[in-house]
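In: Provided below are the primary sequence and the corresponding predicted coordinates.
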Amino acid sequence: MGSVAQGEPAPAAGPAAARVKRLQAVGVLSGVAAGAWLGAAEAPTKVVTLGLSPLAISLVMVLGVFLARWSLPALIRGTANVGADLRRTPHLVVWALMAGCLWAVANTLTVFAIRDVGLSIAFPLWNANSLLGILWGALLFNELSGAGPSRWLGVLGGAAAMFAGAVLLALVSPTQATAQHAWHGVAAALGAGVLWGTMYIPYRKAYLTGMNPLSFVTFFTVGELGMMSALAFAYLGGPSGTLAELARARGALLWLLLGGFVWVVGDLFQQYAAKYVGIGRGIPLSNTNQIWGLLWGMLVFGELSGSGRGVVLRVVGGSLIMALGAGAIALSTASTREHGRWQDAARREAERYGVDPRYVSARLLGHDPEPPRGRTLWDWLIVAAATAVFVAVAALAEAPQLPIAYAWAGALTLAMLGLLAGSGLALWRVTRFG
């Protein structure tokens, strides 16, 4: 991780260089944990195969996301710190709302994609968002600026491998999908990738300007819920039609809410990866969720069972090619010189929006320039309210009428919890979740 590319100046010695290396290590670990949790979050959307409306499924997941995006920051950091970030960087609220709107539409498209081509195939297709992450990071935020030839080769070669894997899976999908309109599912998955790739622009602006990820997501979710509610009302017949669809899905509400909650855990790790290794590297790394999606689809839900050996080999091969590409990108970590260019981009953002440059510089290195505020009664009320919603919905829950291999589901869950503990501890030790 710390090697110097040929033809590139050696990194500067001293505490600053050592700090950058520690932050990048934490960013890489966060990206790996993000992949596991983001991959698992899509598993509950398999209930779309039971005939439930994709829009209703997406709306309930967004409700779960809303609960998690307020309760987790309140529990981990406290809403008083969120308010302090808002006062420092009020311009980022608009960007967070915009990102939330893009996420809501993209998430809805993924449900259609899973319905039409299955989880194993849809996952790698929408992970084409990595390509846009690399593009936007280089064009807008000085990522790869000052990087040596080997790092450029790693990033671009990895992007080419990911594209090749996506094409292979797209060619397989018509032979695997059980739906009549398999290419509709392919288009939906690719469309989700485009929207998610664009969504990372507000992410990077937020972290270059100094906002804490736990603060950014609380405003992000307002855009998510507003856009998703508008979509549901428009296509499900207004509030009454939406409530009728939710009543039909009452037995699955718990699983969908949990899917949204799990997604937020993964997204928080993804946010820290984007902050400390950039979107051009952090997003591809978190897109190892394609491997976790493949595992959940094949091992837990039996996707691809009964398919010919050639189909299985192409799906697995395409996923592995994409994963290898993401790995090559992630291992091409930023040098101290490139990190200096990130600081130039941060100073530009600070000047543009009138943010204290000392605050921006400290946050870029994972430091909190002000003493953290403690939790208040309001924080505990938020956590209690979110918990009460889950308990109430659990009383309506029914076991999904799907073929599920519970032993595999348990094994994958244990692996996720292990990554949660290890990555969370590393983040706390190095940045105090800064």
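Out: Yep, that arrived. Small disclaimer: the values here were computed from a predicted structure and weren't measured.

In: so what's the residue nearest the centre of the chain up against?
Out: For the chain, the residue nearest the mean C-alpha position is Asp267 (3.9 Å; C-alpha atoms, centre = their mean). Applying C-beta atoms under 8 Å, 6 or more residues apart in numbering to Asp267 gives the contacts 34, 38, 217. The C-beta positions use only the backbone N, C-alpha and C, and glycine is treated the same way.

In: which of the residues you listed lies closest to Gly191?
Out: Of all those, Gly191 sits closest to Leu38, with 18.0 Å by C-beta to C-beta.

In: if I read this right, the closest one contacts Gly266, doesn't it?
Out: Yes - in this structure, Leu38 is within contact of Gly266 by C-beta atoms under 8 Å, at 3.6 Å.

In: who touches both of the two?
Out: 286, 289.

In: could you pull out the helices for the stretch 151-300 of the chain?
Out: Taking DSSP state H, counting those that start in this stretch, the helices of the stretch 151-300 of the chain run over residues 182-209, 213-236, 238-248, 253-277, 279-286, 289-295.

In: re earlier: next, format the contacts of Asp267 as CSV and append neighbour count.
Out: Shown next, in CSV, are the contacts of Asp267 (neighbours: other C-beta atoms under 10 Å):
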residue, neighbour count
Ala34, 29
Leu38, 26
Val217, 27
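
In: I'd like those residues as JSON lines, with pLDDT appended.
Out: Formatted as JSON lines, the contacts of Asp267 follow (pLDDT from 0 to 100):
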{"residue": "Ala34", "pLDDT": "93"}
{"residue": "Leu38", "pLDDT": "90"}
{"residue": "Val217", "pLDDT": "81"}
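
In: quick one, what contacts Gly418?
Out: Listed by C-beta under 8 Å, 6+ apart, Gly418 has no contact partners.

In: Mind pulling up the pLDDT for it?
Out: The model reports Gly418 with a pLDDT of 95.

In: Tell me the spacing between it and Asp267.
Out: To Asp267, Gly418 is 19 Å away according to C-beta to C-beta, to the nearest Å.

In: Check Leu86 too.
Out: 20 Å.

In: again, but for Leu38
Out: Counting by C-beta to C-beta - Leu38 and Asp267 are separated by 7 Å.

In: and what of Ala188?
Out: The value you get for Ala188 to Asp267, if C-beta to C-beta is used, is 20 Å.

In: Ok, Pro372 next?
Out: From Pro372 across to Asp267, the span is 22 Å (C-beta to C-beta).

In: How about Leu102?
Out: 13 Å.

In: what's the answer for Arg281, then?
Out: Remark: distance between Arg281 and Asp267 (C-beta to C-beta) = 17 Å.

In: how about low-confidence regions in the stretch 101-250 of the chain?
Out: 119-120, 146, 166, 169-181 (pLDDT under 70).

In: For Arg375, which three-state class applies?
Out: Here Arg375 is coil, with the state taken from DSSP: H, G, I helix; E, B strand; the rest coil.

In: Out of the helices of the stretch 151-300 of the chain, which is closest to Thr376?
Out: Evaluated with C-beta to C-beta, the helices of the stretch 151-300 of the chain place helix 213-236 nearest to Thr376, the distance being 14.9 Å.

In: Now that closest one - C-alpha only, PDB.
Out: Output of helix 213-236 as PDB, limited to C-alpha atoms (Å, rounded to 0.1, in the frame of the first residue of the first chain):
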ATOM      1  CA  PRO A 213     -20.200  11.700   7.000                       C
ATOM      2  CA  LEU A 214     -22.600  11.100  10.000                       C
ATOM      3  CA  SER A 215     -23.800  14.700   9.500                       C
ATOM      4  CA  PHE A 216     -24.100  14.500   5.700                       C
ATOM      5  CA  VAL A 217     -26.400  11.400   5.700                       C
ATOM      6  CA  THR A 218     -29.000  13.000   7.900                       C
ATOM      7  CA  PHE A 219     -29.800  15.600   5.300                       C
ATOM      8  CA  PHE A 220     -29.200  13.200   2.400                       C
ATOM      9  CA  THR A 221     -32.200  11.100   3.700                       C
ATOM     10  CA  VAL A 222     -34.700  14.000   3.400                       C
ATOM     11  CA  GLY A 223     -34.100  14.000  -0.300                       C
ATOM     12  CA  GLU A 224     -34.400  10.300  -0.500                       C
ATOM     13  CA  LEU A 225     -37.700  10.100   1.300                       C
ATOM     14  CA  GLY A 226     -39.200  13.100  -0.500                       C
ATOM     15  CA  MET A 227     -38.300  11.800  -4.000                       C
ATOM     16  CA  MET A 228     -39.400   8.200  -3.200                       C
ATOM     17  CA  SER A 229     -42.800   9.400  -1.700                       C
ATOM     18  CA  ALA A 230     -43.400  11.500  -4.900                       C
ATOM     19  CA  LEU A 231     -42.600   8.500  -7.100                       C
ATOM     20  CA  ALA A 232     -44.900   6.200  -5.100                       C
ATOM     21  CA  PHE A 233     -47.800   8.700  -5.100                       C
ATOM     22  CA  ALA A 234     -47.400   9.300  -8.800                       C
ATOM     23  CA  TYR A 235     -47.400   5.700  -9.900                       C
ATOM     24  CA  LEU A 236     -49.400   3.900  -7.200                       C
END
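
In: Of all the residues in it, which ones are buried?
Out: 213-225, 227-229, 231-233, 235-236 (16 or more other C-beta atoms under 10 Å).
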